[in-house]
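Colleague: quick one, what's the 3D model for this:
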Amino acid sequence: MKAGSFPVAVGSALAAFALLFSQPARAQSADLPSPLLAPAIEPDLPSPAAPTNLALTGVAVTGVWYGGALGSSLIWSNAPWSGVMKIPFAGPWISLKDIECGNEPDCTTLLVVTRAVLMSIDGLGQAAGVAFVLESVFMPSSARAKTKEKSARSSLRPFPLVTADVVGVGLAGEL
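Modeller: Model (predicted):
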């Protein structure tokens with residue numbers, strides 16, 4: 001076997017395997033409605049309290065992760081990165097440049113890598129909390145949808161009224 005032909009052989013074998021065991025496409029039955037003609041399905045929207053709850057959750061998540069950053073900067077107050085870690089949101093990312101050992105006697109590469117990983121996780125946690133708050137601003141809820149729906153239903157619509165004794169016009173709807 002020539003050098004470089006092994007990946008081609010493996011790729012060809014995988015493609016043949018996929019063709020052998022894949023199922024053929026089937027045509028839709030004529031009695032089923034086409035997905036293009038089907039009525040639109042209204043999405044299930046969260047409750048009206050969901051945006052507020054999500055915003056509060058985002059504030060709590062950001063606070064917990066910022067508390068971790070602030071606590072580490074207070075515990076290791078002599079570290080070169082401790083002053084920067086007190087800055088919310090940006091502190092963990094700015095402090096990544098100052099994770100070296102400095103004058104610590106038992107500092108190892110493992111400790112430096114662990115600091116970098118923990119600072120990055122803390123920065124991601126704070127960013128996730130901010131993302132939750134921002135998502136709550138743009139989150140649709142059933143209250144907003146019901147407001148639009150209610151304005152459409154609040155008009156009165158005329159309809160013909162025909163009974164054995166009466167012919168007229170009736171009004172239906174909500175005020």
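
Colleague: and the gap between residue 166 and residue 160?
Modeller: 11 Å (CB to CB, to the nearest Å). All C-beta spots, glycine's among them, are computed from the backbone N, C-alpha and C.

Colleague: number of residues surrounding residue 123?
Modeller: 20 (other CB atoms under 10 Å).

Colleague: for it, what are its contacts?
Modeller: 89, 91-93 (CB atoms under 8 Å, 6 or more residues apart in numbering).

Colleague: check which element follows the helix-or-strand element of the chain with minimal mean pLDDT along the chain.
Modeller: None of the helices or strands of the chain scores lower by mean pLDDT, DSSP states H and E than helix 142-153, at a mean of 55. Next in sequence after helix 142-153, counting helices and strands by DSSP states H and E, comes strand 156-162.

Colleague: quick check: end-to-end length of stretch 99-108?
Modeller: 12 Å (CA to CA, to the nearest Å).

Colleague: what segments of the protein are helices?
Modeller: Using DSSP state H, the helices assigned to the chain run over residues 5-21, 50-75, 91-94, 109-138, 142-153.

Colleague: compare the mean pLDDT across those and name the weakest.
Modeller: Note on the helices of the chain: lowest mean pLDDT is at helix 142-153, with a mean of 55.

Colleague: circling back: with neighbour count added, can I get the contacts of residue 123 in CSV?
Modeller: Shown next, in CSV, are the contacts of residue 123 (neighbours: other CB atoms under 10 Å):
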residue, neighbour count
89, 16
91, 22
92, 28
93, 17
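
Colleague: of these, closest to residue 77?
Modeller: Ranked by distance to residue 77 (CB to CB), these are led by residue 91 at 14.3 Å.
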